[in-house]
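J.: got a structure for you, letters missing:
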């Protein structure tokens, strides 16, 4: 297997494995559990506060209807820009990551009730975070569908959006920080797999030689999406 394809495949497998590692550590390892609780205690805000309302509003941006609307817009943009392989890869990341998270929620459901958090705290099936998965997968999709010159701006916007959603979920006590990390790892696994698929497609496509000549160690990610 070519190295430029094998490397993201290995990275994808590593991220998938880390999802299980994070679950095991933050479910049972005392210091990690205490860190999770400490972070949510420091970041959370009362329901009546402006911070809570803002965080809740940001988290709502990846509820089903707005999520599907954003996804539809990204797919339409990619197709209109004639970036069909990248658009298909983006759709695969979004669909695969969100389906994986929903399955993982069921399989990894675990009671983590913490007295220190009171009545309002994350549910047993909060890991990995579905809202974080949704936000991060949309951010990755944006990077995939835009032209190369726009990717730095897309990456910055996507990272800010994902961070705002992830932090907001902790502020409203919907998720532990480890749940957010789990969602990010799920998306990372699918993203690396999509990069591998795109690189393999490029190798077999009509532009294989040109892309092979252009690719450098520092620019592999960018070239693979052109």
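T.: That came through fine. All values reported here derive from a predicted model rather than from experimental measurement.
J.: Checking residue 121 next. Helix, strand or coil?
T.: coil (DSSP: H, G, I helix; E, B strand; the rest coil).
J.: residues touching it, list them.
T.: Residue 121 sits next to 40, 113, 114, 173 when contact means CB atoms under 8 Å, 6 or more residues apart in numbering. The way it works is simple: take the backbone N, C-alpha and C, and place the C-beta from them, glycine included.
J.: Check those against residue 151 and report the nearest one.
T.: residue 40 (33.3 Å; CB to CB).
J.: unless I'm mixing things up, that closest one is touching residue 178, no?
T.: No - Residue 40 is not in contact with residue 178 according to CB atoms under 8 Å; the separation is 9.7 Å.
J.: Going by contacts, tell me the helices and strands next to the longest helix along the chain.
T.: Using DSSP state H, we find that the single longest helix of the chain is helix 177-204. Contact partners of helix 177-204 among helices and strands, from 3 or more CB pairs under 8 Å, 6 or more residues apart in numbering; DSSP states H and E: helix 3-28, helix 30-43, helix 84-107, helix 130-145, helix 151-171, helix 208-214, helix 220-224.
J.: Where does pLDDT dip in the protein?
T.: Counting by pLDDT under 70, the ranges of the chain that qualify are 1, 205-226.
J.: Residue 57: neighbour count?
T.: Neighbourhood size, residue 57 [other CB atoms under 10 Å]: 10.
J.: how close does it sit to residue 168?
T.: Distance, residue 57 to residue 168, using CB to CB, to the nearest Å: 8 Å.
J.: show me what contacts the closest residue to residue 12 other than its chain neighbours?
T.: Closest residue in space to residue 12, ignoring its immediate chain neighbours: residue 192 at 3.8 Å, by CB to CB, 6 or more residues apart in numbering. For residue 192, the contact set (CB under 8 Å, 6+ apart) comprises 8, 9, 11, 12, 15.
J.: And for residue 164?
T.: Taking CB under 8 Å, 6+ apart, we find residue 164 in contact with residue 58.
J.: how about a cut-off of 10 Å?
T.: Counting by CB atoms under 10 Å, 6 or more residues apart in numbering, residue 164 makes contact with 54, 55, 58, 59, 61, 135.
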